[in-house]
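In: following is a predicted model, sequence given first.
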Amino acid sequence: MNPLEPDFNIRPMKPDDVDQVRSIDQLSFTMPWPATSYYFELQNPHARSWVVEITEGNGQNSLIGMLVLWLIVDEAHIGTIAIHPDYRHHRFGSRLLRRAIKSVQAEGAEIVYLEVRRGNLTAQELYNKFGFELSGIRRGYYSDNQEDALLYTLYDLQEKEFLEKE
């Protein structure tokens, strides 16, 4: 790890995290989830919710990233993923996504899919690096501006190896 980077930990989300998670969500999306959705997902047996926590120079812990996915039988669906704007482009999104994928892979998932805005090229680049393939278009999916969602799918998950690169 870069000595200039803060110490970080990727761990399961807890109810006490919801306020900070909501803040990241609001900074990242035009249609953020309400707090009730996060509390619901923390009780949902199909949900896997993760956060990226850093330790600041003053020793205080802060959340800088979050991801929620659902695992139903052998399919995982990433519902949301975001990194705080101040910490983007430092590989935290890749690390979080890798951890989540490896987790559901260990639970037997065969595919992972997600929707991404057509205009979110940065996210698309990340998904392409992981081997996701464009598998469909959901026209007018986003109700705030009718933007299309691109459906990305990572197939044959049990045949892939996601090595820790950091």
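Out: Perfect, I can see it now. Numbering: from 1, shown residues only.
In: mind listing the helices for this structure?
Out: Listed in chain order, the helices of the chain (DSSP state H) span 18-28, 35-43, 92-106, 121-129.
In: which one of those helices lies closest to residue 51?
Out: Among these, helix 18-28 comes nearest to residue 51, with 6.6 Å by Cβ to Cβ. Heads up, the C-betas are built off the backbone N, CA and C, glycines and all.
In: quick one, the closest one and helix 35-43 angle?
Out: Angle of helix 18-28 versus helix 35-43, following axes from the mean of the first three to the mean of the last three Cα atoms, to 10 degrees, is 120 degrees.
In: thought residue 155 was touching residue 109?
Out: No - Residue 155 is beyond contact range of residue 109, at 11.0 Å (criterion: Cβ atoms under 8 Å).
In: look at these two and report which has more neighbours.
Out: Taking neighbours as other Cβ atoms under 10 Å, residue 155 and residue 109 compare with residue 109 leading, 22 against 14.
In: list the residues that contact the nearest residue to that one once chain neighbours are set aside.
Out: In space, and not counting its chain neighbours, residue 109 is closest to residue 76: 4.5 Å by Cβ to Cβ, 6 or more residues apart in numbering. Neighbouring residues of residue 76 by Cβ atoms under 8 Å, 6 or more residues apart in numbering: 48, 69, 70, 101, 104, 109, 111, 112, 113, 157.
In: bridging residues for residue 76?
Out: Beta-bridge pairing of residue 76 under DSSP bridges involves residue 71, residue 112.
In: residue 21: what's it in contact with?
Out: Counted by Cβ under 8 Å, 6+ apart, residue 21 has contacts 13, 38, 51, 63, 66.
In: for residue 6, see how far away the residue in the chain sticking out farthest from the centre is.
Out: Computed with Cα atoms, centre = their mean, the residue of the chain farthest from its C-alpha average is residue 58, at 27.0 Å. Computed as Cβ to Cβ, to the nearest Å, the residue 58 to residue 6 distance reads 11 Å.
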